[in-house]
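[1] Quick one, fold the following:
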Amino acid sequence: MFGMTVFYRKGRIFGALPRTKTFTTPNSIAFKLYRKTPQVNKMLNVDSRITDRNKEDGSWISFELGGDQHLNDALRWLEQAYRGAKDVRR
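    Reported below is the predicted structural model:
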C-alpha cells in the first residue's frame, strides 16, 4: 500500500498508519476486523472516532486521532485487529 506503513499477522494485513497518504484524514489510522462479535460491534458503535463502522468483516475501518489522548484507544483497536488476524481461517 503506497503511502502507508502496513502491519501483517500470519500473512493477513490488519493495520495501516499514514506516511504520505491517508484513508479519511491526515490524523486517522485504519484497521481491519476480520470477525466482528456483538461486543466489538457495540464498541464500534459507541466510539465517535470510528468511521466506516458498518462495513463488512475484513473491510478497512478508520479511527480519527484527535490528539495524544487518543493513542491508547488507537492501540486497543490495533490490538483487536491484530488478535483477529491470527484467528482467521484460510
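[2] Which positions are bridged to the closest residue to Leu78 other than its chain neighbours in the beta structure?
    Among residues not flanking Leu78 along the chain, Gly15 sits closest, at 4.9 Å (C-beta to C-beta, 6 or more residues apart in numbering). Every C-beta, even on glycine, is put in place using the N, C-alpha and C of the backbone. Legend: beta-bridge partners of Gly15 under DSSP bridges are Phe7, Phe31.
[3] residue contacts, Gly15?
    Val6, Phe7, Ile29, Ala30, Phe31, Lys32, Leu78, Ala81, Tyr82 (C-beta atoms under 8 Å, 6 or more residues apart in numbering).
[4] pull the helix or strand with minimum mean pLDDT from the chain.
    strand 50-51 (a mean of 88; mean pLDDT, DSSP states H and E).
[5] what pairs with that strand, and is each one parallel or antiparallel?
    With DSSP bridges as the test, strand 50-51 is paired with strand 60-64 (antiparallel).
[6] Grab the longest helix from the chain for me.
    Across the chain, the longest stretch assigned as helix under DSSP state H is helix 71-87.
[7] Give the rounded mean pLDDT of that helix.
    Helix 71-87 carries an average pLDDT of 92.
[8] If you count neighbours, what's buried in that helix?
    Ala74, Trp77, Leu78, Gln80, Ala81, Tyr82, Gly84, Ala85 (16 or more other C-beta atoms under 10 Å).
[9] quick one: which of these is nearest to Asn54?
    Using C-beta to C-beta, Trp77 is the member of the buried residues of helix 71-87 that lies nearest Asn54, at 15.8 Å.
[10] who's in contact with that closest one?
    Contact analysis of Trp77 by C-beta under 8 Å, 6+ apart lists Ile29, Phe31, Ile50, Ile61, Phe63.
[11] just checking, the fourth one touches Thr51?
    Yes: distance between Ile61 and Thr51: 7.4 Å, which falls inside the contact criterion (C-beta atoms under 8 Å).
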